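Q: Model the structure of this input:
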Amino acid sequence: MSNLQEMKKRYDNIPIPDALSVRVQQAIGESRKKQPGKEHNSHRAWFPRAIRGIGTAAAAACVLFTVALNTMPAFAAEAAQLPVIGGLARVLTFRSYETEQDDIAVSVEIPSIEIIQRDTGIEVDAVNQEILNRCREYADAALDRAEAYRTAFLETGGTPEEWAQHNIQITVGYEIKHQDEKYLSFVVRGNENWSNAYQEACFYNLDLSTGAYVTLKDLLGDNYEALANESIRQQIREREAAGESFFPEDAGGFTGITENTKFYINANHKPVIVFDKYEIANGAAGEIEFEIGG
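A: Below is the predicted model of the structure:
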């Protein structure tokens, strides 16, 4: 991650000609017109996109991984050493691959949940398929956006050598936030180092006793909205007093949560609400988190 951040820092210091900026927006706009409508959901709002060559290759490799896990003893033994969640499940890296096209580097790591005790009644096939699809879709759409940027860059006078210096990086990966015998909470992220506008985080919170998605209402009760809003506003006041800065409510700041607000579950089984970079504060603040009920 430190290398990626350093690359982004170098890239951010490269001036972009006005003509190029306009051409990039036109190219991306034309690409968007060809995309289907966006799906918005509480735990899976990504950029839907038809899968092209890169997605097809990823799907084929995923099949090979599954075959290896089931047929190669040494490979299966190595996978068996991965952490087990309360004896019920474990998270495997279902597929990871790296590729480079036109000096655009793509790195993808796709997680998959494996159930250990089959008599629990937990069904995760749909979740795993969704995760696989979302990762592939994001990588494919991100590559389209980077290619549109490259085309615009070259059409406005840039050279292939200058383009290569941009070190364009597309990454898709995951992070386990918490796992025990009760909950599994993790986030799948997509990032494009050349544009803050296309960073995505998709949070998954599963109740391992039922296999169902966990909601804020499940964790906080029927009055979850009022409880969370009060807690967040109080924490904002405290953090502002300590020197942090947030947007005013009437200028894009925090106005309240909804059932679609993103969160993960921490080690105390408390929800941690997450706001994207630029959502309620300046970009320098990055993602902003608030534990509720702590």
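Q: what residue ranges in the stretch 51-200 of the chain are flagged as low confidence?
A: Within the stretch 51-200 of the chain, the stretches with pLDDT under 70 are 51-89, 116-122, 196-197.
Q: and His269, how many neighbours?
A: 14 (other C-beta atoms under 10 Å). All C-beta atoms are positioned from the backbone trio N, CA, C, and that covers glycine.
Q: Next up, phi/psi of it, please.
A: phi 60, psi 30 (degrees, to the nearest 10).
Q: show me where the chain has helices.
A: Using DSSP state H, the helices assigned to the chain run over residues 2-12, 18-33, 53-71, 73-79, 125-155, 160-164, 216-220, 224-241.
Q: Could you tell me how far Ser264 is located from Val91?
A: Careful, residue 264 is Tyr; it's not Ser. According to C-beta to C-beta, to the nearest Å, Tyr264 stands 14 Å off from Val91.
Q: likewise Ile265?
A: 14 Å.
Q: again with Glu137
A: 20 Å.
Q: Likewise for Gly286?
A: Remark: distance between Gly286 and Val91 (C-beta to C-beta) = 25 Å.
Q: So which of these two has more stuff around it?
A: Val91 (18 against 12).
Q: Which residue lies closest in space to that one, excluding its sequence neighbours?
A: Pro111 (5.3 Å; C-beta to C-beta, 6 or more residues apart in numbering).
Q: In contact with that neighbour, which residues are there?
A: Pro111 makes contacts with Val91, Leu92, Thr93, Phe94, Ile131, Tyr174, Phe186, Val188, as judged by C-beta atoms under 8 Å, 6 or more residues apart in numbering.
Q: Among those, which one is most surrounded by other residues?
A: Neighbour max across the contacts of Pro111 (other C-beta under 10 Å) = Val188, 24 neighbours.
Q: Please name the bridge partners of it.
A: Tyr174, Cys202 (DSSP bridges).
Q: Could you check how far it is from Thr93?
A: Distance, Val188 to Thr93, using C-beta to C-beta: 12 Å.
Q: what is in contact with Tyr264 and Val91 at once?
A: Counting by C-beta under 8 Å, 6+ apart, the contacts common to Tyr264 and Val91 are Phe186.
Q: can you pull the contacts of Asp222?
A: Applying C-beta under 8 Å, 6+ apart, no residues contact Asp222.
Q: Could you measure from it over to Thr261?
A: Using C-beta to C-beta, Asp222 is found at 16 Å from Thr261.
Q: Could you list which residues are in contact with the closest residue to Ser96 other than its chain neighbours?
A: Distances taken as C-beta to C-beta, 6+ apart place Glu109 nearest to Ser96, at 4.3 Å, with adjacent residues excluded. By C-beta under 8 Å, 6+ apart, Glu109 lies in contact with Thr93, Arg95, Ser96, Val172, Gly173, Tyr174.
Q: with those residues in mind, which one is nearest to Arg150?
A: The closest of the contacts of Glu109 to Arg150 turns out to be Val172 (C-beta to C-beta; 19.4 Å).
Q: How many residues are close by the nearest residue to that closest one once chain neighbours are set aside?
A: Spatial nearest neighbour of Val172, excluding adjacent residues (C-beta to C-beta, 6+ apart): Val108 at 4.5 Å. Val108 has 23 neighbouring residues, counting by other C-beta under 10 Å.
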